[in-house]
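Participant: Need coordinates for the following:
(chains A and B)
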2 protein chains.
Amino acid sequence: MAKAADVYFQVDPWKIIEEGFDPAYSRVSESVFSLANESLGVRGCFDEGGSADSLRGAYVNGVYDVERLNRSYRGIIDQTHFMIPAADWLMTDLVLDGERLDLGKSLFRDFKREMDMRRGTLKRSFVWRTASGKELRLTFLRFLDMTHRERAYQRVAMEPLNFSGTVDFVSGLSFDVIHEGYKKCYWRDARVEAFENRLMLQSHTTLSGQEVFAGALLNMPPDAAVRKDGQTVSLRAALPLEQGRETHVDKRVVILFDGQAGGALWQSGMAALAESERISLDEALAAQQTYWGDYWRTSDVQIEAAPGNEAVVAAEQQGIRFCSFQLAQIYSGGSMRHNIGAKGLTGEAYNGHAFWDTEACCLPFYLFTNPQAARYLLLFRYNTLPRALERARMLDCEGACYPLATLNGDEACSLWQHASLQLQPSTAVAYGIWHYVHVTGDRDFLYAYGAEMLVQIARFLASRVEKGGKTGKYGFFGVMGPDEFHMMVNNNAYTNYMGMRTLLCAAETLDAMRHDQPAAYDALMKKTSLREEEITRWREISANMYIPQGERGLIEQHDGFFNLPHTDINSIPVTQFPLYEHWSYDRIYRSDMIKQPDVLMMLYLYNSSFTEAEKRVNYEFYEPRTIHESSLSPAIHSILAAEIGKMEEAVRFFGFATRLDLDNYNRNTREGLHVTSIAMAWANIVYGFAGLRSDGEGLIFAPRLPDRWKELRFSVMYQGRVISIRMERKNTIFRLTRGEPLRMRIFGAPYTLTENALLIPCP
Amino acid sequence: MAKAADVYFQVDPWKIIEEGFDPAYSRVSESVFSLANESLGVRGCFDEGGSADSLRGAYVNGVYDVERLNRSYRGIIDQTHFMIPAADWLMTDLVLDGERLDLGKSLFRDFKREMDMRRGTLKRSFVWRTASGKELRLTFLRFLDMTHRERAYQRVAMEPLNFSGTVDFVSGLSFDVIHEGYKKCYWRDARVEAFENRLMLQSHTTLSGQEVFAGALLNMPPDAAVRKDGQTVSLRAALPLEQGRETHVDKRVVILFDGQAGGALWQSGMAALAESERISLDEALAAQQTYWGDYWRTSDVQIEAAPGNEAVVAAEQQGIRFCSFQLAQIYSGGSMRHNIGAKGLTGEAYNGHAFWDTEACCLPFYLFTNPQAARYLLLFRYNTLPRALERARMLDCEGACYPLATLNGDEACSLWQHASLQLQPSTAVAYGIWHYVHVTGDRDFLYAYGAEMLVQIARFLASRVEKGGKTGKYGFFGVMGPDEFHMMVNNNAYTNYMGMRTLLCAAETLDAMRHDQPAAYDALMKKTSLREEEITRWREISANMYIPQGERGLIEQHDGFFNLPHTDINSIPVTQFPLYEHWSYDRIYRSDMIKQPDVLMMLYLYNSSFTEAEKRVNYEFYEPRTIHESSLSPAIHSILAAEIGKMEEAVRFFGFATRLDLDNYNRNTREGLHVTSIAMAWANIVYGFAGLRSDGEGLIFAPRLPDRWKELRFSVMYQGRVISIRMERKNTIFRLTRGEPLRMRIFGAPYTLTENALLIPCP
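Facilitator: Model prediction:
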């Protein structure tokens, strides 16, 4: 593994801290200091803007616009959609002695920025020294309300250190925000109003026809001047400041996006604004602290260091908390109208799109901590099934082809080689359905929604599969596997295997459904015009799928992989990452270097279907060829490494996974956080070190505590139960803290878990 | 072969005739009726425009503009260039009784359009019947001067059949012309003048900074009104017409594009316009007839039918003449500033770009009919070598990578999968240099220009080649072979073989040069900073190149080809052609169906290096898998079929090749003519039926007259000689009509050719 940490932030158990501002890390910090509450998100950018490098982004989940693309060939999308920045509610301007505050130009000292994960706040403080010699201590505080998700707060505190006098202060709201990639504003025809320290805007997007209300309440002086300019509205006042005394400007914000438009939305927005006035910023801050306190009480993962490992474990503890915090900010099942973007709401790279990472990487976290959120994520796929049916038609196929990248269910990936060749989204949705039902036992969901998706995905696969001219076996030709460094290959083992399992799962689901709910079965057959011959063919294909596996169990990633030229990935200088930016595009695709697990991904997802020996031989072959230029990669390697007893590697990859963004391992954190890594860091602990397996019979554990840890504590939810796990050096203690007793397997042996501590010695 | 003729035009030995106008064929006719004189080109569109479907295109060779593309990944171009329509000099408007002539709406009869290949003219006549009942016979004549290539002519003849009176007549020039694909005009800031029946315009392109002068002389009445509107200038007059008498409006046009700009260009344009006034349109027409008479005397290919085959052979005779005519119009060595566009100057598809077809397909025609033109085509590559060096850098390679598609030497292909993965342009340039020197013996060219190109191409290949992890042999990974229906494959046999030959050719050229011209050799080594080790490595790579050939000589097109799913190409309905328009893009790439010869292309180019048995086994395997969705394809199959004794197939493919556009086999002639097919139709006869081989020792013939022909006559030039060949049923008569006696091989036996007839009986 040729990647290295780029350490910048301070280590602290509960905070992310930046001391002193380095403009070269400006965008990295903005990403890391992102806040969100599932509905709203904002990068950690400077409230006052300025000339330092910045991606100024405040986002609303589900808000996007559309661009037409040149029509090229059939099956290649001719329009795409992407998340756009919405109302800028942090807008602030300070002028002192004619000098505008701009940390790219102004003199300042004692800069400190910290995100507090127990309070869900971001605070930034520094002393501004003007050219005229005045010193003003400034503290900016912001947070997004976790319970009233349309609400956001900003507080600007000012304390003159060596003068008394006025500062020229502007605070506003603006829809005049620019999408960085397309270099334009997508908001049109805002309604702009202001009165009595209230600012209100409502605007709509250019082509997608979405409408958003933004309002703010301020405690500015009554004589503050209103300025309306385009889609921007602000208040300006000369604030009197007194030496040694702190003055606050508080801004309470409402951003409403609920499907309404016009007067109805305006009315709801005004009502929400009025409602928000019922509590002060300090009260909201207290409520926020309570919310996060509750969260950590049930969801914290606690690591204690073995003697001599305090420093590295402290970084890991911070890393896993950062992941957990960001994930909880980004999705907690608040709505089935949106999915989980690859960058969450933390940047515009990947356009806010959700990928199959949701089912493959994020779902386990929700399955074991918030099953309702898992269900909602799958219902998002059910609600977008009509789009997937249409997409399959575009590809000359039958059934449903789920999009590689989407906000609304339409394929939005304009790189045809990814959109048309990756079958992973469809097989991942099928896997997600199967996994969800397998873990939760929710067969109502399966028969009401899951089966229909499975039928259409199976149909798609059956129309896309072909028979090899020489082998006579079924396989998928012209595909791109999860690896993504090999395009348009044949018989990608992952794709073939996932296809086989999906077809079989669809057939078996229908068999069970015919038995369990014959009326629903008949209705589904009718609704989908499904013929019995199709189901028979799915079984036939499954039985004759080509999975090339050598004698020692080594699986060839795809036809011809073993003859590819070898790249020594350790010889690649770290300055060449990410390769997509530094290498000629085609050069990336020509060797045995892989971007992320492919064969290993399949061994992870269907873990219980492969022997430990198979995992070892494949891990040992593919790991040294993997460049991990995907946030998916390290955690999956860590989990498999732990399983095959390579604990040192497992721990090293765990560090990589939990601190991927904090230490900017991929050198692209400036674009936003790797949300899938965030989810996989959790899986890394639960699947890797606690040895949870959820794809076999019932619940399975095999704890393996890394040497440098003294103790690991966390909880999981399972079918109405809460199970707490405390791994110590010599034993692991399981305990049921809620729900009925449960039979489960630990180190291969059966146990019944009750509220009494179950102490399992390490083997 | 699933393709079928779509017969529309009349068969005639010297003309292409359309009787009656079918709007559904409007664009096909426009392409077929294209005229050109290498410098200028114009589609056969209606002078008066109108509402019938049309691509109105008048082009100037070498005139292009530029569009910036979104920067995506390294090695993918971020701007492209493309031929744009230039001055519309046919602009004509007729209004009679308030009704505008528009063949999309007007009533008319006796429509006839004919291109006369002995005169190089296009004539269109019909009787227009107005709603008011007036009948006006109209005849439009146009031609492009083959000797003064800046000149073009138009004559509009009008004869009232049932009335006398005036017609409102407008004739003009315009740079307000729209590029169909980008839907915009690329011309800016025209200077517009008009006086005494003269119209003058000069305009420049938006980004490429090219400037073109257009002038016209008309014989309109002196009181005609001048109208200037934007970049358009015209004369309007009410022309008095007399029943039964023909009135002409003649327009003599000059379009000048010679690298000058501003006042200098204007002055040259005005001078050229004045010069053109020295002869009348009728005199120019007579000169045109003389030019084409001379051309046909030396370049005609004459076929006589065996009894009973008159109809089909008449179509073939017309087809081969159409090809010969179009090729002579499109390139005859007038300039080394431009190359041969895939569509010549007959349409905007392929953006006017030249491809590697020039060296692979067009060069033989010029080698044996106009060697100076062949030299110029290679000098175009020499002059653009700096661009190819830069392109290789973009691809993280060394040396020179020639562009897939270009007008000016820069890569213009925005489809990265073609531009970055096809190594064919570079190996074809190397092949062209070798072939040119091999046939002409022009070693001065080789040492002055060819060797430098060979060095840089060899360097490129040596930096792109890699060693297979399993075979340990060299090969090219991640390429697209000539076939183009298989993307990013490994060890494409064609690419590997061409690479091997190119590396060897470069090394051998340098050896010979060191011996022949040591000073030039030293200068080249210095100029290119070439190290001896590089040459040694080229030989080592050549000696260890992977060419997968089975026992019976069957070559696998690329790794894994034999296991691809089979497509029965005969099962594809003709309505689905071209597949690129009807099939999902990715679907095309998944089976053993190939677009055009790939292994067979290599057997064609290096014909003498393979046995007849090898050709047979590969032909029999690949031909049934070939959809011929390229104009390259049929002629190459015909040539190989003839060689292995499949004369019936050879003849069938010949019909396809010569009439590809006349019978719209690929259903896309509307976009322009397939110029490579035009060149390959000539090669088809000379290589296929006369059995010429130019890649072995000296000149080689093996005549094989198709059964349905009684006689075939044509000539070739070879090292200062002219050789006439007359193939009859029982004998072939060779005769030297110019130059020194020549030793050559016919049916494998040596002969000396003199001015006496050499009669060779058929074996």
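Participant: for the residue nearest to residue A:664 when sequence neighbours are not counted, what are its contacts?
Facilitator: Distances taken as C-beta to C-beta, 6 or more residues apart in numbering or on different chains put residue A:6 closest to residue A:664, at 4.4 Å, once the chain neighbours are dropped. The way it works is simple: take the backbone N, C-alpha and C, and place the C-beta from them, glycine included. Residues near residue A:6 by C-beta atoms under 8 Å, 6 or more residues apart in numbering or on different chains: A:663, A:664, A:665, A:667.
Participant: Am I right that residue A:6 is in a helix?
Facilitator: No: with DSSP: H, G, I helix; E, B strand; the rest coil as the criterion, residue A:6 is coil rather than part of a helix.
Participant: Make sure residue A:465 is actually in contact with residue A:541.
Facilitator: Yes: counting by C-beta atoms under 8 Å, residue A:541 is a contact partner of residue A:465 at 5.8 Å.
Participant: Spit out the residues that contact those two alike.
Facilitator: By C-beta under 8 Å, 6+ apart, the residues touching both residue A:465 and residue A:541 are A:474, A:499.
Participant: And the furthest pair within the contacts of residue A:6?
Facilitator: Longest distance between any two of the contacts of residue A:6 is 10.3 Å, between A:663 and A:667; criterion C-beta to C-beta.
Participant: higher neighbour count, these two?
Facilitator: Neighbours were counted for residue A:663 and for residue A:667 using other C-beta atoms under 10 Å in any protein chain shown; residue A:663 has more, 21 against 18.
Participant: Which residues of the stretch 451-600 of chain A lie near chain B?
Facilitator: A:466-471, A:477-478, A:487-488, A:490, A:559-560, A:562-566, A:580-587, A:589-592 (C-beta under 8 Å from any C-beta of the partner chain).
Participant: which helix in chain A runs the most residues?
Facilitator: helix A:493-516 (DSSP state H).
Participant: Can you name every helix or strand that that helix contacts?
Facilitator: The elements that helix A:493-516 packs onto, with contact taken as 3 or more C-beta pairs under 8 Å, 6 or more residues apart in numbering or on different chains; DSSP states H and E, are helix A:424-440, helix A:451-464, helix A:518-528, helix A:532-543, helix A:599-605.
Participant: CA atoms of the third one as CSV?
Facilitator: Put plainly, it is helix A:518-528. Output of helix A:518-528 as CSV, limited to C-alpha atoms (Å, rounded to 0.1, in the frame of the first residue of the first chain):
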residue,chain,number,x,y,z
PRO,A,518,-50.3,-16.8,-3.0
ALA,A,519,-52.6,-13.9,-3.6
ALA,A,520,-49.7,-11.4,-3.5
TYR,A,521,-47.7,-13.8,-5.7
ASP,A,522,-50.4,-13.9,-8.3
ALA,A,523,-50.7,-10.1,-8.2
LEU,A,524,-47.0,-9.7,-8.7
MET,A,525,-46.9,-12.2,-11.6
LYS,A,526,-49.7,-10.1,-13.2
LYS,A,527,-48.2,-6.7,-12.4
THR,A,528,-44.9,-7.7,-13.9
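Participant: and that helix, what does it pack onto?
Facilitator: Short answer (3+ C-beta pairs under 8 Å, 6+ apart): helix A:518-528 packs on helix A:451-464, helix A:493-516.
Participant: got it, and the last one?
Facilitator: The helices and strands touching helix A:599-605, judged by 3+ C-beta pairs under 8 Å, 6+ apart, are helix A:493-516, helix A:612-622, helix A:633-643.
Participant: May I see those helices organised as JSON lines, with mean pLDDT and mean neighbour count added?
Facilitator: Below are the helices and strands packed on helix A:599-605 laid out as JSON lines (pLDDT from 0 to 100; neighbours: other C-beta atoms under 10 Å in any protein chain shown):
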{"stretch": "helix A:493-516", "mean pLDDT": "98", "mean neighbour count": "22"}
{"stretch": "helix A:612-622", "mean pLDDT": "98", "mean neighbour count": "18"}
{"stretch": "helix A:633-643", "mean pLDDT": "94", "mean neighbour count": "28"}
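Participant: Next up, the contacts around the closest residue to residue A:158 other than its chain neighbours.
Facilitator: Using C-beta to C-beta, 6+ apart and skipping the chain neighbours, the partner closest in space to residue A:158 is residue A:247 (5.0 Å). By C-beta under 8 Å, 6+ apart, residue A:247 lies in contact with A:157, A:158, A:159, A:239, A:241.
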